[in-house]
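Visitor: no sequence on this one, just coordinates:
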């Protein structure tokens, strides 16, 4: 989206990349869902403890709890992620609006100068 240039504090926004940036953010959100699904179905799967002689069988009851905690973490992530995306979208909109206002000021100054000649 932006890139630091040689001038300190200056940001260059490449508007053509902005759509791809938001698509990539959406991809990351989808990956979070995939991670949660994998954790619940594979990592915290109690089927490995389902035989009578398993000394770790008491852990089986904790697998559901661990999966639920992972789901809670995902919910917290989703809320923060949505806030981040909304903030980025708002910032991009404000920068685009400010660039447009600045561009109009340059155009007005040019027209004023052209009209004076």
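Guide: Received, thanks. Since this is a predicted model, take the numbers as computed values, not measurements.

Visitor: buried ones in the helix or strand encompassing residue 30?
Guide: Assigned by DSSP states H and E, residue 30 belongs to helix 15-38. The neighbour-count criterion (16 or more other Cβ atoms under 10 Å) identifies 18, 36 as the buried residues of helix 15-38. All C-beta atoms are positioned from the backbone trio N, CA, C, and that covers glycine.

Visitor: can I assume residue 57 is in contact with residue 46?
Guide: No: between residue 57 and residue 46 there is no contact under Cβ atoms under 8 Å: 9.3 Å.

Visitor: overlap in contacts, those two.
Guide: Residues touching both residue 57 and residue 46 by Cβ atoms under 8 Å, 6 or more residues apart in numbering: none at all.

Visitor: ok and the longest helix anywhere in the chain relative to helix 15-38, angle-wise?
Guide: As assigned by DSSP state H, the longest helix anywhere in the chain is helix 60-116. Interaxial angle, helix 60-116 versus helix 15-38 (axes from the mean of the first three to the mean of the last three Cα atoms, to 10 degrees): 170 degrees.
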